[in-house]
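Undergrad: Predicted coordinates and the sequence they were generated for:
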Amino acid sequence: MSRWRSNILLCFVLCAAALPGWSFAEEAKVRFAALDVHLESTGPVAAWQFELSETGGRMRVVGVENGDSPAFARAPYYDRKAVSDGRADRIIVADFTLRSGKEIPVGRVRIATVHVRLAGDSEPAYVLRLVTAGNAEGEPVHATIHLNDRSGR
């Protein structure tokens with residue numbers, strides 16, 4: 001390693017060590033998780049929106065994919081730029097369909113999978129909030145939202 005590079009590395013180590021509450025050990029502990037988001041409704045759902053965050057600031061969203069229903073076959077809407085820039089420590093995800101009748105899901109259905117990067121050892125404290133769920137006529141539908149962490153933690 002050149003002397004210039006070793007000096008830069010030493011400077012980084014010394015500067016980082018001076019930051020209060022920061023440690024190399026904590027930063028080195030990174031893992032990924034796939035979070036399945038399920039919507040359970042009493043009537044047909046043609047549109048939905050939810051918000052996901054993590055109270056400790058340990059989460060960064062790295063991707064979002066569609067769920068199981070053919071009515072929502074494409075990836076849902078979210079801020080792709082924030083995700084690709086690594087700035088998505090919370091995310092709002094939404095989708096709608098123009099399908100009708102029996103093609104619209106009722107009951108429990110996986111509407112999205114959110115892929116996250118988690119820093120540190122502590123267990124994440126996710127906050128999942130259903131913003132809205134509506135039918136094809138734009139009327140509210142009673143629904144609940146659930147999170148399933150596929151990583152088994």
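TA: Yes, it's here.
Undergrad: buried ones in the helix or strand harbouring V62?
TA: Per DSSP states H and E: V62 is located in strand 59-66. Residues of strand 59-66 classed as buried: 59-61, 63-64, 66 (neighbour count, 16 or more other C-beta atoms under 10 Å). Every C-beta, even on glycine, is put in place using the N, C-alpha and C of the backbone.
Undergrad: What helix or strand is the spatially most central residue of the chain located in?
TA: Centroid check for the chain by C-alpha atoms, centre = their mean gives V114 as the closest residue, at 4.0 Å. Assigned by DSSP H and E, V114 belongs to strand 107-119.
Undergrad: Look up how far G56 lies from L118.
TA: 9 Å (C-beta to C-beta, to the nearest Å).
Undergrad: and these two? which has more neighbours close in?
TA: Neighbour totals were compared for L118 and G56, and L118 leads with 20 against 14 (other C-beta atoms under 10 Å).
Undergrad: got a list of what the more buried one touches?
TA: Counting by C-beta atoms under 8 Å, 6 or more residues apart in numbering, L118 touches 30-33, 54, 58-59, 124.
Undergrad: which of these count as buried?
TA: 33, 54, 58-59, 124.
Undergrad: How many neighbouring residues does the nearest residue to F72 once chain neighbours are set aside have?
TA: Spatial nearest neighbour of F72, excluding adjacent residues (C-beta to C-beta, 6 or more residues apart in numbering): D95 at 5.0 Å. A count of nearby residues for D95, using other C-beta under 10 Å, gives 23.
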